[in-house]
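**Q** give the three-dimensional model of this entry:
(chains A and B)
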Amino acid sequence: MKDYTEIRYQLNPDIEKVATNILNHSFQLLEGVQEFFLDNGLQVLLKPVPTSSAVSTWIFYKVGSRNERLGTTGASHWCEHMLFKGGGKLGKGDVHTLVSSEGGRNNAFTDHDVTAYFETLPKDRLDLGLFIESERMANAAFDPGEVDSERQVIISEREGSENYPQYLLREEIYSVAYHQHPYMWPVVGWKNDLRHMTREDLYQHYRHFYHPNNAILVVTGNFDPSKATQEIRRLFSTIPAGEKIPNKISFRELEQKGERNVKLRLPGTLNYLAVAYHVPEITHEDSPALIVLSAIMGGWRGLIGFFGDRFVPKTNRLYRRLVEGNIASEVNTYFPVNIDPSLLYFDLTLNPGVGMDTARDAFFSEMATAADVAPGESEMKVASNQIRAWHAYENDGIGLQALSIGYLERIQSRALAETLIEKSLRIAPEEVQRVAKRYLSDTNRIVGEYDSISGGDSRVE
Amino acid sequence: MNTIPSAGETPELSEQAKANLGAMELEREVYDNGIVLLSNRVKGSETIAISGSIKAGTICDPLGFGGTAELASRLLMRGTSSLSAARISQKIEEAGATLSFENRDESVAFSSRCYYGVLDEVLEIIGECLIHPSFPEKELALSKNEILSEIKANEDDTRSIVYKRLAELVFGKDAPYGKDPLGRPEELEKIGRSDLMRFHEENYLPERMIIAMTGGYDYDRVRAKIDKTFSHWKRGIGSPFSFPEPKTKGEEMTSVVKMSHKTQVDLAFGTRAVKRSSHDYYPLNLGNLVLGRLGLYGRLGKNVREDRGLAYYAFSSLQAKLFSGLFGVFAGVNPSNANKAIEGIFEELKRIISEPIPQKELETAKRNSLGSLSLSLDTSIERVAILHDMEYQNLGLDYLERYPSLLERISSEEILTVFQKYVNLDDLVLVAAGPIDRETLVVRKAKLAG
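**A** The predicted structure is shown next:
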């Protein structure tokens, strides 16, 4: 267990005991994790949790929208959908039926850097999760009829998002933030690509990226590691290795030379402001200080951020200035955990009657203050305690633990969370000021405005 | 290791799942002032999850003052007789804890996460917020603005519109469960601090409070701490929390909000259903699982999404509340596919009200229901929510143990009977929001229902 008592700054005596308790007795994500590789390159991580009544099987493929090209944007996400459509020993819909009939849960997601699938099942049914994932890895059918049927489902998924102003603004901001890097397009893909992509495009994408040496298998929960190892070998070792895919991609953005702007004038009822700043890859040495900066500016809700909770942090600077200052009804901060340089993203929902200039001025003045003055002890204290505590909260249960382990292993290392947290607790206030000055500059930002115009024909009929 | 069952086999209810449900260590305490504590102690866990409620939700809004419950709940953490809003947030966040209050139609729910070492402090803050809120004028103005902004945002949100309009049409827009918890701008405007103080005095009562906890704590110590924190809070002298089952319903059967600037149409069909304590709840809920939940949205998902490729989502829901309930079907589609999606939805509705569910499908639903409840106990957040609901819905401490037998006795015929009782295709309310005309939908629905 790590000792966090020697952190950089001192705590107030009245909560020192409490804080030390939090820092020293936090959740250990990696306790008991066993690792091995199959001959075909499949990386396996097992975390037995004997107190659980369930077992969670996750597989992470090292592919996401980052690995796509214009013309086939959204291919990774579409492939994810096709892996529910059968192939090999699995018929269409079997994944849901098999898991449902055991009372289990299953799903999948695609992001910039990764595509992941999971099945959480009663503890005696680990074999089922492993069976499903072995079939998916080797034998997905990509039946042409199913590809076409799924085309409209995915377009519908995209269109559902298009109904939201915040989504439209985010899509625009990402598309101008990058000149080359594939983070510029949405994970779901551009609609025109979705209309024209072929079955062959998708199947090629699947065959190129779905093989054992481009995947990480994670199992958490109540299982016998030796039996699990045996079953994993039986199901996965016959799947041939694929072409080794370099983790680096050829696109590297040049430094942004000046502020970029996006303005949307569309029908709506409220105005929205979003501002993104280029920040380095999560493995960069500045990331721990950026985590603390992000927490101080907008509050902290976990590193990976999948854990749902209605808690709204209120001691942070943006909440105090913008929400308590009656400028915005909501302000959100998104800290990125990505392989390549990404965006620290803020969005604001403006109160009715508040002008865009007022919101911009208030927001930018907070950013300028962060660059001008090092944060105080009280802010550092709140940030540290929240960062450490949320590490436990966002790993509640075997499913979320498997997600953290696999996701972070894909990004760089499963130890990434604890490394970043440990380093962030030792960050000096001056370091936070330094990264604020370096990254929260006007030349490094992309500003998006959604200016709602009346005249939409919303009417009750 | 087991062999992989084919999708066609009929498995039996898992003995393991049954055992898991009966294995939780539960304790219950009723304090003199009526507060109920439910506890599930988990050895070795250093974090604690709290889920609680107080029956002071939208249903309690005074006539003509819609939004009072919402405002009151938002102001609980915005200042008390001894702590400012800033101090409350500072204490919670310094302690590495979380705390939130959320207004619902019947109650105000609260939830918290914290480490064991700060539990006393968190309980003290919860007590302070619930018992001694001061509803400062400045914070009241701020919260009103927040709510007005949300009302505006919801007016441009197709999904939010169909949920809100469906409840209005099914229950009546001024009836309990039919009204918008956020209230109406003209009513919000006139709510003052004294209204909130009165609302608090009449509705924030200890006998309406439940607190459920799970984590690695000393039960006796927690019990004593809650006693110390809340025992001075006196029972109310008003009437008990009871509302007649709503009989009214909206006058309209169809509501279409045309929004040409949107891309997708959100659709909802719905009708009045059962309250949670009804005997019909369990068969209706199991049938709902088959119709629109199981796997990827059950039969509705298979028909509308998997087979026809028309929508990203199409599902059904059953909200069974204390005094009534709502059954609904929801889908999001491109306007050019709306009529085909409605056809698919009606096909499945007709099937569920005319044919018994095949035995194999029924068994799958039962196994799913049992197994998913068992899996929910794996995370502290879900476990504590279940614990809270057991008390809130008066299900009894042995509910988890009884659950397998409650399921096992449900037959396909019983499900058919309850669906025929509650779902009449001619009486289904239709709501749509998005780029679509009313005329198209109304005609289509009438044809299909007939």
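**Q** switch to C-alpha atoms for all contacts and neighbour counts from now on
**A** OK.
**Q** which residues in the stretch 101-250 of chain A form strands?
**A** In the stretch 101-250 of chain A, the strands defined using DSSP state E, counting those that start in this stretch lie at A:105-110, A:115-122, A:215-221.
**Q** so of the ones you listed, which one's packed in deepest?
**A** Mean neighbour count (mean count of other CA atoms under 10 Å in any protein chain shown) peaks for strand A:215-221 among these, with a mean of 27.
**Q** residue ranges in the stretch 351-450 of chain B under the pLDDT threshold?
**A** B:443-446, B:450 (pLDDT under 70).
**Q** all helices for it, in order.
**A** B:359-376, B:380-392, B:399-408, B:412-422, B:438-449 (DSSP state H, counting those that start in this stretch).
**Q** quick check: angle from the first one to strand A:105-110?
**A** Going back to what we said before, that points to helix B:359-376. Angle of helix B:359-376 versus strand A:105-110, following axes from the mean of the first three to the mean of the last three CA atoms, to 10 degrees, is 70 degrees.
**Q** how distant is helix B:359-376 from the center of its chain?
**A** Distance, stretch centre to chain centre, for helix B:359-376: 21 Å (CA atoms, centre = their mean, to the nearest Å).
**Q** so which bits of that helix are buried?
**A** Buried residues in helix B:359-376, counted by 16 or more other CA atoms under 10 Å in any protein chain shown: B:361-376.
**Q** where in the chain is pLDDT low?
**A** Unless you meant another one, I'm taking chain A. Flagging of chain A using pLDDT under 70 yields the residue ranges A:1-27, A:307-308, A:455-461.
**Q** try again with chain B
**A** Chain B contains residues with pLDDT under 70 at B:1-22, B:238-239, B:246-251, B:443-446, B:450.
**Q** most centrally placed residue in it?
**A** Nearest residue to the geometric centre of chain B (CA atoms, centre = their mean): B:Gln319, 6.8 Å.
**Q** contacts only, for that one.
**A** Residues near B:Gln319 by CA atoms under 8 Å, 6 or more residues apart in numbering or on different chains: B:325-327.
**Q** ok, which stretches of the stretch 301-450 of chain A are helices?
**A** Counting by DSSP H, counting those that start in this stretch, one finds helices in the stretch 301-450 of chain A at the ranges A:317-318, A:356-372, A:377-393, A:398-411, A:416-425, A:429-439.
**Q** would you turn those helices into TSV with distance to chain B and mean neighbour count?
**A** Listed next are the helices of the stretch 301-450 of chain A as TSV, based on distance: least, CA to the nearest CA, whole Å; neighbours: other CA atoms under 10 Å in any protein chain shown:
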stretch	distance to chain B	mean neighbour count
helix A:317-318	12	22
helix A:356-372	15	16
helix A:377-393	5	24
helix A:398-411	7	23
helix A:416-425	13	19
helix A:429-439	17	19
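**Q** okay if I get these as TSV plus distance to A:Lys85?
**A** Converted to TSV, the helices of the stretch 301-450 of chain A look like this (distance: least, CA to CA, whole Å):
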stretch	distance to A:Lys85
helix A:317-318	45
helix A:356-372	47
helix A:377-393	34
helix A:398-411	23
helix A:416-425	34
helix A:429-439	44
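**Q** quick check, distance from stretch A:391-409 to the centre of its chain.
**A** When distances are taken as CA atoms, centre = their mean, stretch A:391-409 is centred 12 Å away from the chain's centroid.
**Q** who's in contact with it?
**A** Here stretch A:391-409 makes contact (CA under 8 Å, 6+ apart) with A:26-30, A:49, A:52, A:54-60, A:114, A:120, A:216-221, A:302-307, A:414-417, B:47, B:113, B:378-381.
**Q** any of these buried? List them.
**A** So, by 16+ other CA under 10 Å, the buried ones in the contacts of stretch A:391-409 are A:26-27, A:29, A:49, A:52, A:54-60, A:114, A:120, A:216-221, A:302-305, A:414, A:416-417, B:47, B:113, B:378-381.
**Q** circling back: out of the contacts of B:Gln319, which sit inside strands?
**A** Those of the contacts of B:Gln319 mapping onto strands are B:325-327, per DSSP state E.
**Q** near chain A, from those residues?
**A** Subset of these in contact with chain A: empty, counting by CA under 8 Å from any CA of the partner chain.
**Q** spell out which parts of the stretch 51-200 of chain B neighbour chain A.
**A** Contact residues, the stretch 51-200 of chain B versus chain A (CA under 8 Å from any CA): B:86, B:89-90, B:93-100, B:113-115, B:117-118, B:142, B:145-146, B:148-150, B:152-153, B:155-158.
**Q** mind checking which of these are buried?
**A** Buried, going by 16+ other CA under 10 Å: B:89-90, B:93-100, B:113-115, B:117-118, B:142, B:145-146, B:148-150, B:152-153, B:155-158, out of these.
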